[in-house]
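Asks: Sequence first, predicted coordinates after that:
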Amino acid sequence: MTQALYSRTRSPETEKEKGGGGAAMRVIVPLQGVVQGRGGLVLGSVIPCALFYVLQFYLKRHRKDTDEQNNSDSSSQNPTPRSSSYGNLSELPGLTRNWSRGLSSPRNLRGPVSVSGRVSGIVKGADSPYYVGLRRAKEDPYDELSNPNGIIQLGLAENKLSLDLVEHWLADNAEQAILRNGKELSISRIATYQPFDGLMEFKVAVAGFMSQVMEKAVSFNPSQVVLTAGATPAIEILSFCLADAGNAFLVPTPYYPGYDRDIKWRTGVEIIHVPCRSADNFNLSITALDRAFDQAKKRGLKVRGIMLSNPSNPVGNLISRETLYILLDFAREKNIHIVSNELLAGSTHGNEEFVSMAELLDPDDFDRKRVHIVYGLSKDLSLPGFRVGVIYSHNEEVLAAAKKLARFSSVSAPTQCLLTSMLTDAKFVQTLITINRERLQSMYAQFVAGLKKLGIKCIKSSGGFYCWADMSGLIRSYSEKGELELWDKLLNIAKVNVAPGSACHCIEPGWFRFCFTTLTEKDIPIVMDRIQRVSETCKLNR
Amino acid sequence: MRLVVPLQGVVQGRGGLIFGSLIPCALFYFLQLYLKRHRSPNSRSNPPSPSASAQNLAELTRTSSRSNLLSRGSIVPVLISSLATSISKPNDSPYYIGLDKASEDPYDRIDNPDGVIQLGLSENRLCFDLIEKWMLENLKDSMRGREEGDLSISGIASYQPLDGTMELKMAMAGFMSRVMGGAVSFEPSQMVLTAGATPAIETLCFCLADHGNAFLVPTPYYPGFDRDMKWRTGVELIPVHCRNTDNFVLSISALNQAFNQTRKRGTKIRGILLSNPANPVGNLLSREMLCDLLYFAREKNIHIISDEIFAGSIYGNEEFVSIADVVDSEDFDKSRVHIVYGLSKDLSLPGFRVGMIYSFNENVLAAARKLTRFSSISAPTQRLLVSMLSDARFIEEYMVTNKKRIRNMHDLFVAGLEGLGIRCADSSAGLYCWADMSKLILTYGEKGELELWEKLLHVAKINITPGSACHCIEPGWFRCCFTTLDKEDIPVVMERIRKLADTRAASRG
């Protein structure tokens, strides 16, 4: 078999080598020379041949497709499109024939030009109820006076509780912050090209803010910060940096519905669900993680990391120090990465202590290279419109790559200047964090109490803008279908938009995420009233 | 029989033996060489194959306690993606090396007279005074929004449409029409705004082509395309060479040739990427040429991306024609035409990061809108720009002054080079000129060109972009951006080049 192959390879070679000479011997059996002694013939000859056989098969199949397409597309003026080079050459006169513009209209019969395959999936893919609900609530938003029958938005994790403080600061300082850096007017600071991954001053300010938010337990090094236009691109960039297309991340469920877009869409990376259950208070269990890892491996998927959110979204619980250590051990064991999304680190409201992944890492621990933190100013500073996200990593290579990829997602310079002064105003930042926590805590308590009165229990949570409510008592069939039915009723009858657990890939039906931070206190009774009406009809039906 | 000679069976009649045998063998030869080189360091640190799950579990419980952590530090480094591995290496293109060098040691007439003069960055600083004046007068009001002086912060703090606010789209549409001489009107609903033209191009590339597909790009082209179009999308760029004898004007026959050659290789071509005005040459595509390109695109059923980011930076007398104008006036299939624009060049605000996709294709628009979640513009910036762009008097004054100043600088700079015997290609737009320094290079080839570039950077302390970084097929051409200079800097630049040229002439003679 291999004999035959060699005589095949030799023949074209010798033809070519007529003018060649010296290195001929090497080129003729190139594969053996290198792999000698390491499986020799098999590695060198059979494997490449087999691979190329498959490749060419694949090519053949695809070529036929395009040829056929061309055939049907251009059959009218191009009877022989199949012959590749000759046929195309003969098209040339056809092309010149059509130079004159007058002939254009009869040639419009051709099929529409196609978009890329990956994007037609993005366009056509049915939206999850999460996005449907968001859109509906935006089209017909509730307003106490102008639209009392509108939809109340409880689906968007946005914090409006402390906007008055931010507003106040901006009114006093915005102009000064953008235009005068210090005292000198600095138009060239904001108009010209700046480092794509953020201005150093801004990185210093963000690093300071992060450690202030985490109550000084950790200090962040500004040179390990890469800034992006929101946490969404920060997650996508990390996904691009840590995994190749076809690799996978382990993600504990229920998780933020946006991950399905951020981690997967353009990168081709897969998400492996690691189910958490109500019996464990939706805490992550290492056994589940291990099982998911093994199953993925059995399917032939390479797992490149774990994506955590801490405080978790949508449940709102925190990951304990003990669990974090176990996770770190697990990651080391399997030699995979950990991405810890700590976007809500400053929006905790319970008494439980928040522990950042960064806190665990010893300064000289070699293992830090596998830990990457995602942060942003959308939640803790209530400024999602400003689009500021953060990648914090200890891995030099990942940082270098992320800095280059930041060219696709940089933060506008005026915004950076504005936020640099806001974040360096230590008094303002401290007040904001403190007051925001108080308001968050009081809203949480009121909202959960309201639901409790309706007989709806929430998981105890200590962070985030939402509560995770068990409405399984109200669904007609204990399944995803029953859950979506209730979601539909809430949206269309009660006019309340909430995120159903199935959109977060929760394994148990009947759970819903309620975001309460876009409300004011006096909206709460209205929400409860609306939910009650639906829950009563549900109970009656049962 | 088939397995034994598998490669022939399939490719029969298409170059047969060579395709079937020689190429795969050669490829595997290189692959194995590569593997061999990389294998040795890895295998040393790699312990015998990681154990199965049972053993992992046992170890896991054992090490849960923290005390054991440190002892286990000697572990294989964690892998990163192949994309990250390849791009995390230091820059190797002279374009980026030069930019870095110039920003580390920037020339300043007073503070650093021996620094590197930056002629490699196409950034326009000629009209900062006008923008500064406008900002001082209007910033406060524009940040407050238009409602009766009260700061409506929820308009900028909260989540906004990720593809840009309607107000900014409308303002951009007006600005673009103004820039293009009022010949075209732009529809705000066909716009998608992104954080700079760079992500606009990448997003379009994601939308139009799949991994492994290709775009035809006339050379010389902007060096950034190699990153924007290829890095994350996995798309290829096929150069279509333009030559000095044609004054670097694209020819349809070259396009056709490149198309056919690529197709023969089995690569699917999804479009043409044009830049009009061209970067780095600075010439314009004529109306005739645009029509021909549209015919070509229809013939092959492919897309056209027209990067018109320099549309307002015209200094010549030639008229700029947007492809939007051509598809409007003629009966062309619009759905294959996509325009990229931005405020980095024409409004000299690259730091603001505002780019745009303008497309006639509903599917592309829908997809691009969803992809802007990865690249949206900060809301305060959007608000600021809405008021700046809607200030008609300011825009008018800015456009007129800017054009005049670019023209002045261009004339001075080109005349300076001519004084040194360096000719520039005819151009009428852009922030740069395209200079033929082939007389200064010692060996006619890419090597000679890069040698001259290095001398210019390290001895003459001038950073310019060599043609090879733009994939120019003829050696000796350089792009010099002159809009970051003051007039007084021009003699300094010329003097530096002259000195280098003199030493070369001396050493040669």
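Replies: Nice, thanks for sending it over.
Asks: where are the low-confidence patches of the stretch 301-450 of chain B?
Replies: For the stretch 301-450 of chain B, not a single residue meets the criterion pLDDT under 70.
Asks: Which positions in it make contact with chain A?
Replies: Proximity of the stretch 301-450 of chain B to chain A (Cβ under 8 Å from any Cβ of the partner chain) is limited to residues B:301-303, B:330-333, B:335-336, B:344, B:348-354, B:361, B:363-364, B:366-367, B:370-371, B:373-381, B:384. The way it works is simple: take the backbone N, C-alpha and C, and place the C-beta from them, glycine included.
Asks: Strands of the stretch 51-200 of chain A, residue ranges please.
Replies: With strands called from DSSP state E, counting those that start in this stretch, the stretch 51-200 of chain A shows them at A:152-153, A:180-181, A:184-185.
Asks: so what's A:F330 up against?
Replies: A:F330 makes contact with A:I286, A:L289, A:D290, A:I306, B:L60, according to Cβ atoms under 8 Å, 6 or more residues apart in numbering or on different chains.
Asks: Please name the nearest non-neighbouring residue to the fourth one.
Replies: Residue nearest to A:I306 in three dimensions, not counting chain neighbours: A:L250, with 4.7 Å by Cβ to Cβ, 6 or more residues apart in numbering or on different chains.
Asks: What is the neighbour count of that neighbour?
Replies: Using other Cβ atoms under 10 Å in any protein chain shown, A:L250 has 26 neighbouring residues.
Asks: How confident is the prediction for it, by pLDDT?
Replies: A:L250 is assigned 97 on the pLDDT scale.
Asks: Across the sheet, point out what pairs with it.
Replies: Beta bridges link A:L250 to A:I272, A:I306, judged by DSSP bridges.
Asks: Please tell me how far it sits from chain B.
Replies: 14 Å (Cβ to the nearest Cβ, to the nearest Å).
Asks: where does chain B have low pLDDT?
Replies: B:1-26, B:28-29, B:33, B:35-75, B:144-154, B:508-509.
Asks: My read is that B:A195 contacts A:S409, right?
Replies: Yes: using Cβ atoms under 8 Å, B:A195 makes contact with A:S409 at a distance of 6.0 Å.
Asks: what do those two both touch?
Replies: With contacts defined as Cβ under 8 Å, 6+ apart, the residues shared by B:A195 and A:S409 are A:A229, B:S375.
Asks: what packs against the host helix or strand of B:S507?
Replies: B:S507 is part of helix B:489-508, with elements assigned from DSSP states H and E. Applying 3 or more Cβ pairs under 8 Å, 6 or more residues apart in numbering or on different chains; DSSP states H and E, one finds that helix B:489-508 contacts strand B:117-118, helix B:392-419, helix B:446-458, strand B:462-463.
Asks: Show me which positions of that helix end up buried.
Replies: Residues B:D489, B:I490, B:V492, B:V493, B:M494, B:R496, B:I497, B:R498, B:L500, B:A501, B:R504 are the ones in helix B:489-508 that count as buried (16 or more other Cβ atoms under 10 Å in any protein chain shown).
Asks: Show me what that helix is in contact with.
Replies: Under the contact criterion Cβ under 8 Å, 6+ apart, helix B:489-508 has outside partners B:107, B:109, B:117, B:119, B:409, B:412-413, B:416-417, B:419-422, B:440, B:442, B:455-456, B:459-462, B:482, B:485.
Asks: before we move on, back to that, so of the buried residues of helix B:489-508, which two are at opposite extremes in space?
Replies: Within the buried residues of helix B:489-508, B:D489 and B:R504 form the most distant pair, 22.7 Å apart (Cβ to Cβ).
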